[in-house]
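[1] Take a look and give me a structure for this.
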Amino acid sequence: MDGYRFIHLIHRYYPFRGGSEQYFQALSERFARDGADVRVVTTDAWDLEYLWDPGRHRVDVPFQRHNGVRIYRTPAHHLPAANLSHRVIRRGMGELSRVAFPGQLRLLRELSRFGPWVPELPALLERIGEGADLIHPANIALEGLIRESLAFARKRDIPAIITPKLHLGESSTSAVRRYYTMPHQLELLRQADQVMTQTSIEADFLIENGVDEAKLRVVGLGIDVAAVTGGVDQRVRSSLGIDGPMVLALGAAAFDKGTLHACEAIIDLNRRRSGPISLVVAGPIMSNFQSFIDDCNPEDLEHVHVLGYVDDETRTDLLAACDLLTLASRTEAFGYVFLEAWANGKPVIGANAGGIPAVVDDGEDGLLVPFGDVARLGDAIARLIDDPELATRLGTSGQRNKVVDTEDWFALVRDNYLDVLGTRT
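    Prediction:
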């Protein structure tokens, strides 16, 4: 890839670690190793909620280099009464999307510049974008970033690839789906030169909603197995005082991620069983999860360990130590943590929602439960704890059949880049 200059644009990036962030970090660093000049543009948000809540954490480093990649951060701005303003605007956009009316698209486009509000982004792109060959933004729910990326691409006459990260929720009427599939968001995807989805579920939905099938590429996810395995299980078990069954919820702790339901399931199981099951929650804590924890009876949380964001060593120790991983979420385009668990030979539980059913085969390498069904989630946890042979079979199957090496994944993505660059020459 010598001589190519790529701009990748995502709401958060290194040193933050999350599914979307790991996707783009792997992509950016691998292209850099191949000789491309890769520049990542991101915001100064550390907590996702900082994009609409100035009271949350941010990254105060406007520029840095990491593993051959230049990282530029543009500040997120906030309207007065930011938290309320954000909710009002996004709720209003969702309601405006329900029924078509004259001027609907124009109004939605105008409101989208506040999601997130990054007024310095166009100037930053102009400053660092001279000679760029391609721009690749992500996350259609933060369409303000994609909107500016496409405007830059049109101005420079370069191709734009979008990774939408659609969250389709638990059904066609899900409130989650509404905020990822608004008319102006789908319009942006139709304007892209290529759309890279992570599952066929995501791709099929976009085809049904007017995105040209010829532009779509299903790329899945790859993983650096060595980076997520080799943890020391006793190190984390000893530090937490856990010597029995351990369930891991890894990732953002939030209602939509099913973390509240995992807590409720563990609390209910421990009320009914003779031996305790421990739940470890590791990942950034969203406000709705914190409120849930604050309202719980402390006795019910005796075997619930809320760690917050953890470093890479602790993460691999947790993966080595757990008996199973749960991500019964309705907001996943894929679910990177499934690959991390499978790489360690661990079984997984996912929600039958979003892109997860295209990743987890129920009864083959994990179990699927309805989103929000605490009883079914508890039954699935108990089933895997009580049947070690089943747990081992599911984890081994995922390890053997679902873990794709980063190099194989990158080869697919690189071919897609070369394809879209070739169509413009």
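[2] Of all the residues in stretch 292-310, which ones are buried?
    Going by neighbour count (16 or more other Cβ atoms under 10 Å), the buried part of stretch 292-310 is Phe292, Ile293, His303, Val304, His305, Val306, Leu307, Tyr309, Val310. All C-beta atoms are positioned from the backbone trio N, CA, C, and that covers glycine.
[3] For this structure, list the residue farthest from the centre, please.
    Ser274 (36.4 Å; Cα atoms, centre = their mean).
[4] can you list the residues that contact the lengthiest helix in the chain?
    Taking DSSP state H as the assignment, the helix of the chain that covers the most residues is helix 406-422. Contacting residues not belonging to helix 406-422 are listed as 1, 4, 6, 26-27, 30-31, 34, 133-134, 159, 161, 193-194, 196, 217, 219-224 [Cβ atoms under 8 Å, 6 or more residues apart in numbering].
[5] swap in stretch 223-232?
    26, 312-313, 315-321, 336, 339-340, 343-344, 403-406, 409.
[6] now do stretch 50-64
    For stretch 50-64, contacts defined as Cβ under 8 Å, 6+ apart pick out 11, 15-16, 43-47, 49, 70-73, 76, 78, 82-83, 85-87, 116, 142, 287.
[7] is it true that Gly94 lies in a helix?
    Yes - Gly94: assigned to a helix according to DSSP: H, G, I helix; E, B strand; the rest coil.
[8] Would you mind measuring from it to Pro80?
    22 Å (Cβ to Cβ, to the nearest Å).
[9] These two: who's more crowded?
    Using other Cβ atoms under 10 Å as the criterion, Gly94 and Pro80 rank with Gly94 on top: 13 against 6.
[10] on that earlier part again, helix/strand/coil for the residue farthest from the centre of the chain?
    Recorded secondary structure, Ser274: coil (three-state DSSP).
[11] list the contacts for it?
    Contacts of Ser274 (Cβ under 8 Å, 6+ apart): none.
[12] Start the count at 25 instead of 1 going forward.
    Sure, I'll start counting at 25 from here, so that last one is Ser298.
[13] Look up how far Gln46 lies from it.
    The value you get for Ser298 to Gln46, if Cβ to Cβ is used, is 39 Å.
[14] Could you do Asn368 as well?
    Asn368 sits 16 Å away from Gln46, going by Cβ to Cβ.
[15] Please indicate which of the contacts of stretch 74-88 are buried?
    35, 40, 67-71, 73, 94-97, 100, 102, 106-107, 110, 140, 166.
[16] one step back: now, which of the contacts of helix 430-446 lie within helices?
    Secondary structure from DSSP H places Ala50, Leu51, Arg54, Phe55 of the contacts of helix 430-446 in helices.
[17] would you turn these into JSON lines with distance to Val393 and pLDDT?
    Converted to JSON lines, these look like this (distance: Cβ to Cβ, whole Å; pLDDT from 0 to 100):
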{"residue": "Ala50", "distance to Val393": "29", "pLDDT": "93"}
{"residue": "Leu51", "distance to Val393": "31", "pLDDT": "95"}
{"residue": "Arg54", "distance to Val393": "35", "pLDDT": "96"}
{"residue": "Phe55", "distance to Val393": "38", "pLDDT": "97"}
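[18] would a markdown table of the residues you listed with neighbour count and distance to Ala124 be doable?
    Below are the ones in helices among the contacts of helix 430-446 laid out as a markdown table (neighbours: other Cβ atoms under 10 Å; distance: Cβ to Cβ, whole Å):
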| residue | neighbour count | distance to Ala124 |
| --- | --- | --- |
| Ala50 | 20 | 39 |
| Leu51 | 28 | 36 |
| Arg54 | 23 | 42 |
| Phe55 | 23 | 40 |
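[19] and which of those residues is nearest to Leu131?
    Nearest to Leu131 among the ones in helices among the contacts of helix 430-446: Leu51, at 34.0 Å, using Cβ to Cβ.
[20] Who are the packing partners of the helix or strand where Ala286 lies?
    Take DSSP states H and E as the rule and Ala286 turns out to sit in helix 283-296. Helices and strands touching helix 283-296, by 3 or more Cβ pairs under 8 Å, 6 or more residues apart in numbering; DSSP states H and E, are strand 270-274, strand 302-306, helix 311-319, strand 328-332, helix 398-410.
[21] Do a quick rundown of the strands in this protein.
    29-33, 61-67, 87-90, 93-98, 158-161, 185-186, 218-221, 240-242, 270-274, 302-306, 328-332, 348-351, 372-375, 390-393 (DSSP state E).
[22] model confidence over the shortest one, on average?
    Meaning strand 185-186. Average pLDDT, strand 185-186: 98.
[23] Quick one: distance of it to the chain centre.
    Counting by Cα atoms, centre = their mean, to the nearest Å, strand 185-186 is centred 16 Å from the centre of its parent chain.
[24] can you list contacts of that strand?
    By Cβ under 8 Å, 6+ apart, strand 185-186 touches 158-162, 164, 170, 173, 212-213, 216-220, 440-441, 444.
[25] Kindly recompute the last result at 7 Å.
    The contact list for strand 185-186, computed with Cβ atoms under 7 Å, 6 or more residues apart in numbering, reads Leu158, His160, Pro161, Ile170, Leu213, Ala216, Asp217, Gln218, Val219, Met220, Val444.
[26] who touches the first one in this structure?
    Leu158 makes contact with Phe30, Ile182, Pro183, Ile185, Tyr441, Leu445 under the criterion Cβ under 7 Å, 6+ apart.
[27] out of the residues you listed, who's nearest Arg354?
    For the contacts of Leu158, the residue nearest Arg354 by Cβ to Cβ is Ile185; the value is 26.2 Å.
[28] ok, back up a step: return the subset of the contacts of stretch 74-88 lying in helices.
    Reading helices off the contacts of stretch 74-88 with DSSP H, I get Ala106, Asn107, Ser109, His110, Arg111, Ser311.
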